[in-house]
Structure formats: C-alpha cells, structure tokens
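Enquirer: Predicted structure and sequence below. I'll ask about it afterward.
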Amino acid sequence: MESIIITIDGASSTGKSSLAKAIAKHYGFKHIDSGAMYRALTLYAQDHNLLNDHKFDVDTLIDHLPTIDIDFTNADEITLNGKIIEDQVRSMEVSNKVSLVAKEPLFRQFMVAKQRQLGEKGNVVMDGRDIGSVVFPNATIKFFLEASMEVRTNRRYEELIEKGEQVSVEEVHANIAKRDHIDSSRDDSPLIIPENAIVLSNDKEGLTGLFNIATAEIDIHLR
C-alpha cells in the first residue's frame, strides 16, 4: 500500500484530535497532534520563565530551539526533551498563551520542519491549523473540521473540568475566541480551509458520525 498522509485542520476545540486518534487507530496509522507540539514549546517557555502575563522573551526562546526536542511516544503521547507532558500541555495556562507562540514565524518554521520529519515515513494522521495547507499540501486526503462556538466551548469546558481545572464557561469561551482571532489573522500560515479539503461539521454528527463519514472517504482513496 502506498504511503498515506491524512490531514485534519480546524479551529480550536472542534474535535480534530479526537477524530484523528480514532482514524489512526482504525487504520493502524500514527497520530501526530501538531497543536500539542506548539503547546509543548509554550510549556517550555513558561517553565524557563520566558513567557508569562508580563513578557514573552522571543529571542531567548529562539536561542533555545536547538536544545528542544519535541516528539511522540509509541502510544502517541507528546514528549518534551524525553519527558511525557501530555497532561501539562492541556492546561488552561498553556491554552491562554499557545497562540502567542504559534504566530511567531521562526517557531512555525521550526515546527513545520519537525512535523514533516515526523510524517516523512507516511501512514500518519496529523491534525492542526495548517497541516493540509502548509505542512502537507499534497496529502493523500485532507479534512477541515468545523463546529459552532457553543459546541466548541462546551467540549473544551468539559475536558478541563474532567482534568480538575477550575475554570468557568465564560473563561473558556473567551480563550477560544482569542485564539480564533490570532490563528485566523496571523501573517504566517493563517487558519484556512486547505485546497481540496473535505469540510466536516461537528455540530450534530458527533465523533461516531464524523468517523463514519471520514473513513468512508478514506476508503475510497485506499482502494
């Protein structure tokens, strides 16, 4: 079978990673969450006091890039310099800052190179904001996932509460709205619907419905 690359793009909390994981498991492919990679870099910046509410030391973080290794375990858990950080990168604190890191062109170049390296062997499902448009414009099949602000806010709020975070629905809504603005308006690789992408809506279908639609499309390509 030919080497397959499946991309799933969309805004924050549309359900990209959940769908990508389900598809990857179904086909025995590797799942790569590109958003988690930016979250890992954000966590690194916070842990090294380069990013907080009062400052963002971009230049120093750039200097640190050669020492930063972001990868995934065989179980697709994200690691930072060999340490599994799957839970830490999902915190509201990281969510509030990740778009500031992701909009910087040099950090995007660093991540795109790493993402291409991770996907070069093929048989991967990668989700993010610019995977089908920039990272793998010639992917085997591309999806773009949409969802209403209400659905996205509720999904993210329930995820955070389940992890023990003390947040309000209003905080989550504001965070998503802020990230939408930054992701869609940045100069470098803004969030767009990739060319030839299949647009799916998560407002009514839910994960099972989306999975059935997506795998039906993928199976056509695999025949």
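Expert: That came through, no problem.
Enquirer: Please make it C-alpha for all contacts and neighbour counts, starting now.
Expert: Noted.
Enquirer: ok, the closest residue in space to residue 78 that isn't next to it in sequence - contacts?
Expert: Using Cα to Cα, 6 or more residues apart in numbering and skipping the chain neighbours, the partner closest in space to residue 78 is residue 72 (4.4 Å). Residue 72 sits next to 32, 78-79 when contact means Cα atoms under 8 Å, 6 or more residues apart in numbering.
Enquirer: and the end-to-end length of stretch 70-84?
Expert: 10 Å (Cα to Cα, to the nearest Å).
Enquirer: same thing with stretch 187-195?
Expert: Its first and final residues considered, stretch 187-195 spans 18 Å by Cα to Cα.
Enquirer: Identify the residues contacting it?
Expert: With contact meaning Cα under 8 Å, 6+ apart, stretch 187-195 is reached by 9-11, 103-105, 108, 129-130, 132-134, 137, 142, 144, 183-185, 199.
Enquirer: Near the closest residue to residue 68 other than its chain neighbours, how many other residues are there?
Expert: Once flanking residues are discounted, residue 68 sits nearest to residue 81: 6.2 Å by Cα to Cα, 6+ apart. Residues lying near residue 81 (other Cα atoms under 10 Å) number 14.
Enquirer: correct me, but residue 81 touches residue 65?
Expert: No - Residue 81 is beyond contact range of residue 65, at 11.3 Å (criterion: Cα atoms under 8 Å).
Enquirer: can you map out the helices along this protein?
Expert: 16-27, 34-47, 58-64, 92-95, 98-102, 105-119, 149-162, 169-185, 206-222 (DSSP state H).
Enquirer: Sounds good, over and out.
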